[in-house]
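*Asks:* what's the 3D shape of this:
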Amino acid sequence: MFDRLIDWSLRNRPLILLMLVGLVVAGAYSLVRLPIDAVPDITNVQVMALTSAPALGPEEVEQFITIPVENAMNGIPRIQEVRSFSQFGLSGVTIVFDEGTDIYWARQQVGERLAVVRSSIPAEFGQPEMGPIATGLGEILQFEVKNAPDSPRPKTLMELRTILDWDVARPLKSVPGVVEVNAFGGELKTYEVRLDPERLVARGVSVNRVFQAIRLNNSNAGGGYIERLGEQRVIRAVGLVSSLEDLSEIVLDTTPTGTPVYIRDVAEVRFSPLIRNGAVTRDGKGEAVTATAMMLAGENSRAVVERLKAKLDEIRPRLPEGIVVEPYYDRAVLITRTITTVASNLAEGGILVVAVLLALLGNLKAGLVVALTIPLSMLFAGSLMVYYGIAGSLMSLGAIDFGLIVDSSVIMMENCVGHLAHADKRRSAVDVVREAALEVRKPVVFGVAIITIVHLPLLALEGVEGKMFRPMALTVVFALTGSLLLSLTATPVLASFILKPGAAENETPPIRLAKWIYKPFLKGAIQHPIAVVLVSLAMFAVTMPVALSLGGEFIPKLDEGDLVVVVARPPSASLTESIEDTTRLEKALLEAFPEVIESVVSKTGRPEIGIDPAGVNQTDVFIFLKKEKDTLLDLAMKPLHPILALFETKHEESKSELIQRMEAVFRRELPGAFFNFAQPIDLRFNEMLAGVRADIGIGVYGEDLEVLQEKVNAVAAAVEAVPGAADVRAQVLSGLPFLRVQIDRERISRHGINASDILDVVSALGGKIVGQVIEGQRTFDLQVRFDPTARDDVDEIRRLKIADPTGRMIPISELVDFKLEDGAYEVWRKDRQRRAMVQANVRGRDLATFVAEAEQRVKQQVDMPKGYYLEWGGTFENLQSATRRLTIVVPVALVLIFLLLYSTFHSVKLGMLIFLSVPLGAMGGILALWLRDMNLSISAGVGFIALSGVAVLDGLVVVAAIRQRVEAGMPVREAVSDAAMNRLRPVLMTALVASLGFIPMAFSVGSGADVQRPLATVVIGGLITSTGLKLLVIPATYRWFDPGLDAPAEETNVVDARPEPFEDANDEPESI
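*Replies:* Okay, here's the model as predicted:
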């Protein structure tokens, strides 16, 4: 098949050139359409069911709403887990489905079950609804609506919120790719009937009567139509309230003398904010009005952000005078910085690869043709990425090594150059190139097959690790496939155009120098094979304890450039106190870190209509750091940064050191509070994947809340004592202060009063929504609420009165009992069991050893009663899952490679000899990680996978060359030395282009560099030891692995021999 492809390409050279132009056009078009994001979206497939239940406490929410919703999900196929929370007034049930489940099918299934369960939940408790399609990368743009500094009449918080809701958020929701715009902060405008208890009593009007009167006087009606003079006229009665005056004029009752009692007689009618469950403050300047634009899952983040910004530009001129819309978080900034890091590393690596090719090939034209493989392969890969829906990101593009991409073209071009150099000038270049190409077709295909096979284990990963690394493996495979096709088609065609038969082949000075250095070492290795083996074994023995000492983690965290600190106060904290605390904290942070912090935004609690389980005692403090802007000089000097860093004397503060200094400010300003330092995307992913907001979550399962609280406190104490523990917090299950109004059935029955009459009074304390008021296209809630003087004090509440059937007003204290008590704060569940959580982060230590020590301490110090158990979760689970799967699939991939080697040589021993390259490379990778103080992570594991492919390929080149010479009749030692010397150039070229392509990545300091550095470090370190040792170990030990061959005894100084038949360094073994 490959023979025919090469032959067809050379017979249709103009068509091949045209196809290359087509590839450039198609690839460029695809790259424009390629979705771009900083990291892959690792969010699992989940649907959230939310229920607002203002009348219920946490345990009642659990009993009447959460458990029925959980039970309703029974029987839905492909459910992985169900977890939930129940808080005062809010229930949230998250249904997680297996990977690969269509999200719209999942929502359909959940929606059908919710329709059934609604009938079993009393309407006054609330009705469950599905939340929006959530994704960990959904929050792409956050902005504030505020008054301009020179505004002639600054707007109030209520006016700003109204502008945000109706003039900004609504049009933004129409932007393609935007699923929701969540407003947060300010005051949500309502029409309020503020009841005066004394005036109600004076006029004998009950609260329930106010409710009924408003409902009866706020509606429209249709009366069909009439025909008049040949026209049909629709009859409609308009009775909707449209203003405060209309509301004031509603009649509640009449006095015995016939005088009407209006709402204005018993209440003040006014605009007032809906009761708040949260607030936003910014930069120590007080409350702010903000919104977050949420992206639909699967969309192109950068494109959606650009569309949002364009829409904001359209909206701004239509806003009232003096109103400013100011974005303060833009996902496109992180995307641009991360992709810039990747692109810069790729470009610098590409330049180094091209320089090596030109230096070692010794032919400028040939080097440029090989270098052309890089952009063409990337265009090919980009087209397939668009076709298969793979986004361009740090992970999908970050592992591409141009050295591996050009390897097949290097082999092809090197052989073409060699054949043309020794060909008769009268021969056709096309014929010579055809012979050369057909000669190396097998090693070219074989080389790409090896590199492809070693990446196949990454495709077997599942869950979070699969979503993280599968795009990387697919992109590499796409690029390698493109490079293979180009090496078999475009490279021979272009070689036939630019190279002529009979042109002299020059051995470049670097190669001559390398051979001069290599020759004595090779001679010594062949003469003293046991010494070479002992040295190799000694190095391997030294490496083993180093490998065992390396820490473990899933992947290094992406530096997002911003921080978010989760602050938790005692459950009894009020919203007013929280606002004062965060405002003071913001001022302190800006004063302490003016050179680092750009802005501080604090979000306390949740919005009025919220899906976040945070209470008013919880605040997310977003710290947006200043970003460095590269100047032209910085960009010009960037390739020299690895060298300049060696001579850097000034210590640059790390992110962990900055966090330590910030933590001191937090503890000073908010004593007694809990703090969890994280990053915005990382926090969101942890929350959605594991239901916790930290790296580690320890779940304690059981039924009794008091026992759960006791055990999570004990677990937290044990974990906090482990070195490296940070932000350890035990979930608080109780301590929420309640004023319990317990109705006395006997007493209300004596007075002929219904329980609903008392419930109406209690609901009016917080505000009872009894309708809506429409202002043009805007709709506002209409609420009835007692005056603050009657509801902000328990004694005042006791004095509230209720009318009995005779009209006599009875104090509510005679009908109910008031109890001040602490109740449950929240109830969390997983898989239909109650769960309490301990969460923790790890700083200054690797995750794997920390978890191992923490598990041991908890096991020793915490005894679990019967029916209670622990479950550890968090990002380390991803490491364990990936490690387990790779432990299975990596050996399978190596076996496949071994079978390929066996099919080539028909020798198990020679296959084993080639496989010696793998441990030789692993030694260097391990030592490189240790020298750079890096943990063993999945990123480093990907480096070992890539390294093993290159190492096996280079070992194959050397062994195949030796075998070819032996089969041609050359004595073994002479064959070994000659093959080693002649294969030095391709081996060095493969190793150099592969390692130098990773050099910029290994020393990069930009966004995302932390994720790439372990991978690059392993490959570079491994290729140093693998290349150096296998050029000695394989020649030294070849006789042991091919014992059927006898070498003449007189062979003693074969390194200096220069046999004519194999002088050409470009001859590839036909047996491959």
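*Asks:* could you pull out the strands for the stretch 751-900 of the chain?
*Replies:* 768-775, 778-786, 801-803, 809-811, 816-824, 826-830, 833-842, 869-874 (DSSP state E, counting those that start in this stretch).
*Asks:* Val564: which of these is closest?
*Replies:* strand 833-842 (12.4 Å; CB to CB). To be clear about C-beta, it is placed using only N, CA and C from the backbone, and glycine gets the same treatment.
*Asks:* re earlier: please produce TSV containing the strands of the stretch 751-900 of the chain, extended by mean neighbour count and distance to Met19.
*Replies:* Formatted as TSV, these follow (neighbours: other CB atoms under 10 Å; distance: least, CB to CB, whole Å):
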stretch	mean neighbour count	distance to Met19
strand 768-775	17	63
strand 778-786	19	59
strand 801-803	21	87
strand 809-811	15	92
strand 816-824	14	69
strand 826-830	22	56
strand 833-842	24	53
strand 869-874	17	50
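*Asks:* Take those and write them to CSV, including mean pLDDT.
*Replies:* What follows is the strands of the stretch 751-900 of the chain, written out as CSV (pLDDT from 0 to 100):
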stretch, mean pLDDT
strand 768-775, 92
strand 778-786, 94
strand 801-803, 87
strand 809-811, 88
strand 816-824, 88
strand 826-830, 92
strand 833-842, 91
strand 869-874, 88
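*Asks:* Among those, which comes closest to Glu577?
*Replies:* Smallest distance to Glu577 across the strands of the stretch 751-900 of the chain (CB to CB): 17.7 Å, for strand 816-824.
*Asks:* Can you list the strands that the closest one pairs with?
*Replies:* strand 734-743 (antiparallel) (DSSP bridges).
*Asks:* hey, which helix is longest across the protein?
*Replies:* As assigned by DSSP state H, the longest helix anywhere in the chain is helix 1009-1041.
*Asks:* if I've got this straight, Ser536 is in a helix?
*Replies:* Yes: assessed by DSSP: H, G, I helix; E, B strand; the rest coil, Ser536 belongs to a helix.
*Asks:* returning to what we had before: kindly state which of the strands of the stretch 751-900 of the chain is positioned closest to Pro1014.
*Replies:* Taking the strands of the stretch 751-900 of the chain one by one with CB to CB, strand 833-842 is closest: 17.0 Å.
*Asks:* got a pLDDT number for the nearest residue to Arg264 once chain neighbours are set aside?
*Replies:* Excluding the flanking residues, the one nearest Arg264 by CB to CB, 6 or more residues apart in numbering is Ser248, at 4.1 Å. According to the prediction, Ser248 has pLDDT 95.
*Asks:* ok, how many other residues are close to Ser248?
*Replies:* 17 (other CB atoms under 10 Å).
*Asks:* now the one 10 residues further on
*Replies:* Using other CB under 10 Å as the criterion, Gly258 is surrounded by 6 other residues.
*Asks:* Do a quick rundown of the helices in the stretch 301-450 of the chain.
*Replies:* 301-315, 331-361, 364-387, 394-398, 402-422, 429-439, 441-459 (DSSP state H, counting those that start in this stretch).
*Asks:* so the closest residue to Val69 other than its chain neighbours is in which element?
*Replies:* Of all residues not flanking Val69 in the chain, Val93 sits nearest, at 4.7 Å (CB to CB, 6+ apart). Using DSSP states H and E, Val93 sits within strand 90-97.
*Asks:* And that strand, how far out from the chain middle?
*Replies:* 21 Å (CA atoms, centre = their mean, to the nearest Å).
*Asks:* what sits up against the very next helix or strand once past it?
*Replies:* Next along the chain after strand 90-97, taking DSSP H and E as the criterion, comes helix 103-117. Contacts with helix 103-117, where a contact means CB atoms under 8 Å, 6 or more residues apart in numbering, come from 45-47, 49, 68-69, 71-73, 76-78, 95, 97, 128-130, 133, 297.
*Asks:* Please put the alpha-carbon coordinates of stretch 334-350 into PDB.
*Replies:* Provided in PDB are the C-alpha atoms of stretch 334-350 (Å, rounded to 0.1, in the frame of the first residue of the first chain):
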ATOM      1  CA  LEU A 334      -6.600  33.700  30.700                       C
ATOM      2  CA  ILE A 335      -7.200  31.900  27.400                       C
ATOM      3  CA  THR A 336      -5.000  34.400  25.600                       C
ATOM      4  CA  ARG A 337      -2.200  34.200  28.200                       C
ATOM      5  CA  THR A 338      -2.300  30.400  28.200                       C
ATOM      6  CA  ILE A 339      -2.500  29.900  24.500                       C
ATOM      7  CA  THR A 340       0.300  32.500  24.100                       C
ATOM      8  CA  THR A 341       2.500  30.400  26.400                       C
ATOM      9  CA  VAL A 342       1.700  27.300  24.300                       C
ATOM     10  CA  ALA A 343       2.200  29.000  21.000                       C
ATOM     11  CA  SER A 344       5.500  30.600  22.200                       C
ATOM     12  CA  ASN A 345       6.800  27.300  23.400                       C
ATOM     13  CA  LEU A 346       5.900  25.600  20.100                       C
ATOM     14  CA  ALA A 347       7.400  28.400  18.000                       C
ATOM     15  CA  GLU A 348      10.600  28.500  20.000                       C
ATOM     16  CA  GLY A 349      10.800  24.700  19.900                       C
ATOM     17  CA  GLY A 350      10.200  24.700  16.200                       C
END
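*Asks:* Other residues contacting that stretch?
*Replies:* 36-39, 301-302, 371, 374, 392-394, 397-398, 400-403, 558, 560-561, 627, 638-639, 681, 996-1001, 1004, 1006-1009, 1012.
*Asks:* Over to stretch 367-378?
*Replies:* 20, 23-24, 27, 350, 353-354, 357-358, 361, 400, 402, 405-406, 409-410, 413, 479-480, 482-483, 486-487, 490-491, 494-495, 498.
*Asks:* before we move on, the earlier item: what's the angle between the strand holding Val93 and helix 103-117?
*Replies:* Here the directions of strand 90-97 and helix 103-117 differ by 130 degrees (axes from the mean of the first three to the mean of the last three CA atoms, to 10 degrees).
*Asks:* I'd like the average pLDDT over strand 90-97.
*Replies:* 92.
*Asks:* Please name the strands paired to it in the sheet, noting orientation.
*Replies:* strand 45-52 (antiparallel), strand 79-87 (antiparallel).
*Asks:* on that earlier part again, export the helices of the stretch 301-450 of the chain to JSON lines and append columns for mean pLDDT and distance to Met981.
*Replies:* As requested, these are exported to JSON lines (pLDDT from 0 to 100; distance: least, CB to CB, whole Å):
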{"stretch": "helix 301-315", "mean pLDDT": "93", "distance to Met981": "52"}
{"stretch": "helix 331-361", "mean pLDDT": "82", "distance to Met981": "15"}
{"stretch": "helix 364-387", "mean pLDDT": "90", "distance to Met981": "22"}
{"stretch": "helix 394-398", "mean pLDDT": "81", "distance to Met981": "37"}
{"stretch": "helix 402-422", "mean pLDDT": "82", "distance to Met981": "15"}
{"stretch": "helix 429-439", "mean pLDDT": "88", "distance to Met981": "20"}
{"stretch": "helix 441-459", "mean pLDDT": "84", "distance to Met981": "19"}
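*Asks:* On the three-state scheme, the residue located most distally from the centre of the chain is what?
*Replies:* The centre of the chain is farthest from one residue, Thr257, which by CA atoms, centre = their mean lies 71.8 Å away. At Thr257 the chain is in coil, as set by three-state DSSP.
*Asks:* cool, the one 4 residues further on as well?
*Replies:* Of the three states, Val261 takes strand according to three-state DSSP.
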